[in-house]
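Peer 1: what follows is a predicted structure for the sequence shown.
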Amino acid sequence: MKANQKKYRISVLLDMSKSSALVLESAVELAKRMDGSIEVFHVKPTTNIIKGDSQLSAIRTLNQDDRSTRAKIKDFISSIGKKENLSISYKLEYGNVKNRVRDYLALQKPDILVLGKRRPIMGSFFESITDFVIDNVSDTNVLILGDDHKFHSFEDINLGIFGTGFKETDLEVIQDLKRNSEKPVRHFGISDDSESTDHAYPWQKTINYTFSKGANALDGLVNYVSRTNTQLLCVPKKSSKNFLFGASRLKEVVRKANVPLMILGK
């Protein structure tokens, strides 16, 4: 690692809605905890901007919108960055949101992508983008926050893990989230009575919560995660021996969980 180079490159996907401040502030806390740099990425759909305009008029409209949007983003990130004494860069692109997000992730390959997850509302922007990211990201860990999820600090956080398919790089991320915290990590799993829940992890102490396989096992598990005051649940994207994480099952976890999720898949 070069001098002054941060360990983690963190990208924050923002729609500039009212919840964006909570998402960016949480990303800032994450960067402080894990020695990370931050870049905000915002995509502005062009359909509504140029609809019904002539080509020349459309260009003028786009230029005006570009200046206005950039000023808004700069003011937004500057207010948060100055408060935390942290430099925050940004990228603004126009076009199809999913295509621009896919291209950005493929080109930039951030270590961690932070985005918000709104509660189910028909037509919600990030509801579809969350599913899209899960389907398409391959080289990036993803932190998903709900509208009401804000980390005041990652210091001494209550961490949970779900499943057993963690790679060495996944465990390193969890270790960096823990740092020197002596709090145990809670392991949540779904298995039958014949499967072992005794796994070796690099941290000092793990508390196991195992749920028997069944139609309502996942519902019971995610409810218990909240009851144990787990503040962040880490889930491997890859399939594990004891629990199959396909894209659809992972989306089910995302939809049902009432705590922020870190999907580890780098």
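Peer 2: Received, thanks.

Peer 1: okay, Asn4: pLDDT?
Peer 2: For Asn4, the model assigns a pLDDT of 71.

Peer 1: which SS class is it?
Peer 2: Following DSSP: H, G, I helix; E, B strand; the rest coil, Asn4 is assigned to coil.

Peer 1: Tyr90 now?
Peer 2: strand.

Peer 1: grab the longest helix from this protein for me.
Peer 2: As assigned by DSSP state H, the longest helix anywhere in the chain is helix 55-84.

Peer 1: from Met262, how far off is Asp35?
Peer 2: 16 Å (Cβ to Cβ, to the nearest Å). Every C-beta, even on glycine, is put in place using the N, C-alpha and C of the backbone.

Peer 1: likewise for Ile207?
Peer 2: 18 Å.

Peer 1: what about those two, which has more around it?
Peer 2: Taking neighbours as other Cβ atoms under 10 Å, Ile207 and Met262 compare with Met262 leading, 24 against 12.

Peer 1: what lies in contact with the helix or strand that one falls within?
Peer 2: Assigning secondary structure by DSSP states H and E places Met262 in strand 261-264. Contact with strand 261-264 is made by 134, 141-144, 166-167, 169-170, 173-174, 177, 232-237, 250, 253-254, as judged by Cβ atoms under 8 Å, 6 or more residues apart in numbering.

Peer 1: in helices only, show me those residues.
Peer 2: Those of these lying in helices (DSSP H): 134, 169-170, 173-174, 177, 250, 253-254.

Peer 1: which of these are buried?
Peer 2: 134, 170, 173-174, 177, 250, 253-254 (16 or more other Cβ atoms under 10 Å).

Peer 1: among these, find the lowest-pLDDT one for me.
Peer 2: Lowest pLDDT of those: Leu250, 80.

Peer 1: list the contacts for that residue?
Peer 2: If you count contacts by Cβ under 8 Å, 6+ apart, Leu250 has them with 134, 235, 237, 263.

Peer 1: check contacts around the residue nearest to the second one when sequence neighbours are not counted.
Peer 2: By that I understand Val235. Distance criterion Cβ to Cβ, 6 or more residues apart in numbering; nearest residue to Val235, sequence neighbours excluded, is Phe162 at 4.7 Å. By Cβ under 8 Å, 6+ apart, Phe162 lies in contact with 187-189, 221, 225, 233-235, 243, 253.

Peer 1: so, low pLDDT: which residues of the chain?
Peer 2: Along the chain, segments meeting pLDDT under 70 span 1-3, 47-59, 61, 118-127, 147-152, 192-198, 238-248, 266.

Peer 1: pull up the pairing partners for the strand or helix carrying Thr210, direction included.
Peer 2: Using DSSP H and E, Thr210 sits within strand 206-212. Using DSSP bridges, the strands paired with strand 206-212 are strand 185-191 (parallel).

Peer 1: just checking, Thr164 touches Ala200?
Peer 2: No - with contacts counted by Cβ atoms under 8 Å, Thr164 stays clear of Ala200, the gap being 10.8 Å.

Peer 1: between those two, who's got more neighbours?
Peer 2: Counted by other Cβ under 10 Å, Thr164 and Ala200 do not tie: Thr164 has more neighbours, with 17 against 5.

Peer 1: quick check, the more buried one in a helix?
Peer 2: No - Thr164: not assigned to a helix; according to three-state DSSP it is coil.
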